[in-house]
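1. Predicted structure and sequence below. I'll ask about it afterward.
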Amino acid sequence: MKTLGRDQARRLGADLSTELAQAVQDWDNLFYLIDQPKHSLKMAQSITSYLATLATNEIALDAGSGARGEFIRTQAEANLLPELWQAVQLAGVGGMVCLKPYVSGGSIFCEVIPRSRIYVTRWGPKGRILEGFFTDYEPLASGHQAVRLERFALTADGLQVTNKAYRLKNVDELGGEMPLSAVARWADLEPEMLFTGVDRPYFGVLRMPFTNTVDASRWPVSLYANAVESIRELDRTWCDFLWERDTGRRRMIVDYTAVDPKANIGNATKTAATTPVKDVTGDYFLSLDMDRAEKPWDDYTPELRVEQYQRMLDTQLRLLEVQAGFSPGTFQIDVKTGKVTATQVISEDKTTYNTVKAVQDRGLKDGLLDVLYWFDIYASLYGLAPAGKAEPAATFGDSIFEDTGVEFARRKQLADSNILKPELLLSWYFGVSEEEATQMMPAKQEELAFNALGEE
């Protein structure tokens, strides 16, 4: 992942410590498999993918009633919801992402900006970013790299945004400034913009809600910030298992007099009595001084310690689950296939449930409301929707944590006992509004009888 050097970022005013810069690099390396073992278990990918699935499974976005609210809701469902799974996974990797709305062709879309491209120079209450810059990279025809700095600052006058492009030098430092038009993708960008009448920056932040144990700063940290070494140890154990499998392949043990190592290099003096061999320590033969009174060969097939490695991997997985906030037994590794699987989540998995709820309530909700706020702003600026008031809302379902059959039986019993209205049962079961559920219900018996009398 391309990033500015720490010193360069700090010269631009970024709040970035040496410890955190290194941690972000470590998190990215584990996720993108940079300098990782060839046969990595890819645990960073697996646990962030699992979290993203649980956290985004039943997100509902709304913007109130009326034509304006309907336009924003439709745009969000079409162009924002499909981005959320990837956005939450990347937030799990780097601790945060920014979702930045933009208008194209009369519709509102969202750019997902990963942690490696976000630099903060001023924080506000509740961890809101008030000032900073984003980076964007593009290769030039000359073979050099260009970087665009998109600065933003929320002030009393509004939100000020500036775009400047530079050539990169020494891989991660700014060189000379260049025109935005030098890069086709940036040619239509405004060098300066001022949004008045707004009270927040033009993006929403999706973050992990965990305590920063790297440098105790306000920066969010990765889902696996406390499990980096556990992920590495799992890879080491898995690689050791594969090494033992490879070195324990079946071989024949033969007397050393039957093996001519010089045959490997085409020695012309070898005799017909000797056995050519590719590598006496390789896949074909082991050469030993054997009892020639017995047969001068034997079979070498060591027993693979599958159960021992399985127990070791399981133990390491339990530690990883604790460190990343998942219930014990969530992840399993099949040593026969190398596949990592996650168990089905039900309501008894309180640790996983609490982690996901914390991510949703303290990490995603405010950011999604900020994104919908800017959907509303752009709808006005570009004349995309009728005038009116939008009421952004983001809700999260949790049926993935429930045993649906048990929960249905419990709610039906309440409805049969006249404790719960039947339409609420239907609303929950079919995922519709109470009004729609009421329309789904059959007419009452007395109404049917009255209608029957009227037809006679």
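-> All right, it came through fine.
2. Phe71: helix or strand, and which one exactly?
-> Taking DSSP states H and E as the criterion, Phe71 maps to helix 66-79.
3. what's the following helix or strand after that helix?
-> Later in the chain than helix 66-79, the nearest helix or strand by DSSP H and E is helix 81-94.
4. per the record, what domains does this structure have?
-> Domain ranges of the chain: 6-224+351-379, 249-300, 403-455, per automatic domain parsing.
5. Between those, which one is closest to Thr315.
-> Proximity to Thr315, assessed across the domains of the chain by C-beta to C-beta, is greatest for domain 6-224+351-379 (14.4 Å). All C-beta spots, glycine's among them, are computed from the backbone N, C-alpha and C.
6. what about that closest one, distance to the chain center?
-> Taking C-alpha atoms, centre = their mean, to the nearest Å, one finds the center of domain 6-224+351-379 at 13 Å from the center of the full chain.
7. Could you single out the most deeply buried of the domains of the chain?
-> Of all those, domain 6-224+351-379 has the most neighbours on average by mean count of other C-beta atoms under 10 Å, namely a mean of 18.
8. what's near enough to touch the nearest residue to Ala76 once chain neighbours are set aside?
-> Sequence neighbours aside, Leu61 is the residue nearest to Ala76 in space, at 4.4 Å (criterion: C-beta to C-beta, 6 or more residues apart in numbering). Residues in contact with Leu61 (C-beta atoms under 8 Å, 6 or more residues apart in numbering) are 73, 76-77, 80-81, 368, 372, 392-394.
9. Ser217: which of those residues is nearest?
-> The nearest member of those to Ser217, counting by C-beta to C-beta, is Leu368 at 24.2 Å.
10. which strands and helices sit next to whichever strand or helix holds the closest one?
-> Using DSSP H and E, Leu368 falls within helix 365-381. In this structure, helix 365-381 makes packing contacts with strand 59-62, helix 66-79, strand 96-104, strand 107-114, strand 204-207, strand 393-396, judged by 3 or more C-beta pairs under 8 Å, 6 or more residues apart in numbering; DSSP states H and E.
11. Quick one: mean pLDDT over the third one.
-> This means strand 96-104. Strand 96-104 carries an average pLDDT of 97.
12. orientation of that strand relative to helix 365-381 in degrees?
-> Counting by axes from the mean of the first three to the mean of the last three C-alpha atoms, to 10 degrees, strand 96-104 lies at 20 degrees to helix 365-381.
13. Strand 96-104 pairs with which strands?
-> Here strand 96-104 has these sheet partners by DSSP bridges: strand 107-114 (antiparallel), strand 204-207 (antiparallel).
14. Pull out the buried positions in the following helix or strand past the last one.
-> So the one you mean is strand 204-207. Later in the chain than strand 204-207, the nearest helix or strand by DSSP H and E is helix 228-247. Neighbour-count burial for helix 228-247, with 16 or more other C-beta atoms under 10 Å as criterion, is recorded at 228, 230-235, 237-238, 241-242.
15. still on that earlier bit, what does the helix holding Phe71 rub up against?
-> Contacts of helix 66-79 (C-beta under 8 Å, 6+ apart): 61-63, 107-110, 371-372, 375-376, 379, 384-392.
16. so that helix versus strand 107-114, what angle?
-> Put simply, helix 66-79 runs at 50 degrees to strand 107-114, going by the same axes, to 10 degrees.
17. Average pLDDT for helix 66-79, rounded please.
-> Averaged over helix 66-79, pLDDT sits at 95.
18. rewinding a little: give me the contact list for the helix holding Leu368.
-> Contact with helix 365-381 is made by 59, 61, 63, 68, 71-72, 75-76, 80, 99, 101-103, 108, 110, 126, 195, 198, 200-207, 384-385, 387, 390, 392-394, 396, as judged by C-beta under 8 Å, 6+ apart.
19. which residue ranges form the helices in the stretch 301-450 of the chain?
-> All helices of the stretch 301-450 of the chain, identified by DSSP state H, counting those that start in this stretch, fall at 306-324, 350-358, 365-381, 404-416, 422-430, 434-440, 445-455.
20. so what pLDDT did the spatially closest residue to Arg185 that is not a sequence neighbour get?
-> Spatial nearest neighbour of Arg185, excluding adjacent residues (C-beta to C-beta, 6+ apart): Glu138 at 6.2 Å. With respect to pLDDT, Glu138 scores 94.
21. same question, Asp246
-> 77.
22. so how far is the first residue of stretch 136-151 from its last?
-> 12 Å (C-alpha to C-alpha, to the nearest Å).
23. So which residues make contact with that stretch?
-> The contact list for stretch 136-151 (C-beta under 8 Å, 6+ apart) reads 2, 4, 12, 117, 132-135, 160-168, 174, 178, 180, 182-183, 185-186, 189.
24. one more time with 6 Å
-> With contact meaning C-beta atoms under 6 Å, 6 or more residues apart in numbering, stretch 136-151 is reached by 2, 133-135, 162-168, 183, 186.
25. Restricted to strands, list these.
-> Using DSSP state E to define strands, the subset of the contacts of stretch 136-151 located there is 133-135, 162-168.
26. wait, which of the residues you listed is closest to Trp85?
-> Using C-beta to C-beta, Phe134 comes nearest to Trp85 of those, at 21.7 Å.
27. Next one: that closest one from Asn226, what distance?
-> 28 Å (C-beta to C-beta, to the nearest Å).
28. quick one on the thing from earlier: would JSON lines of the helices of the stretch 301-450 of the chain with distance to Gln8 and mean pLDDT be doable?
-> Below are the helices of the stretch 301-450 of the chain laid out as JSON lines (distance: least, C-beta to C-beta, whole Å; pLDDT from 0 to 100):
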{"stretch": "helix 306-324", "distance to Gln8": "32", "mean pLDDT": "92"}
{"stretch": "helix 350-358", "distance to Gln8": "34", "mean pLDDT": "91"}
{"stretch": "helix 365-381", "distance to Gln8": "27", "mean pLDDT": "97"}
{"stretch": "helix 404-416", "distance to Gln8": "53", "mean pLDDT": "81"}
{"stretch": "helix 422-430", "distance to Gln8": "53", "mean pLDDT": "82"}
{"stretch": "helix 434-440", "distance to Gln8": "56", "mean pLDDT": "81"}
{"stretch": "helix 445-455", "distance to Gln8": "75", "mean pLDDT": "51"}
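29. Dump those to JSON lines, plus distance to Leu41.
-> Formatted as JSON lines, those follow (distance: least, C-beta to C-beta, whole Å):
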{"stretch": "helix 306-324", "distance to Leu41": "9"}
{"stretch": "helix 350-358", "distance to Leu41": "20"}
{"stretch": "helix 365-381", "distance to Leu41": "30"}
{"stretch": "helix 404-416", "distance to Leu41": "32"}
{"stretch": "helix 422-430", "distance to Leu41": "39"}
{"stretch": "helix 434-440", "distance to Leu41": "46"}
{"stretch": "helix 445-455", "distance to Leu41": "61"}
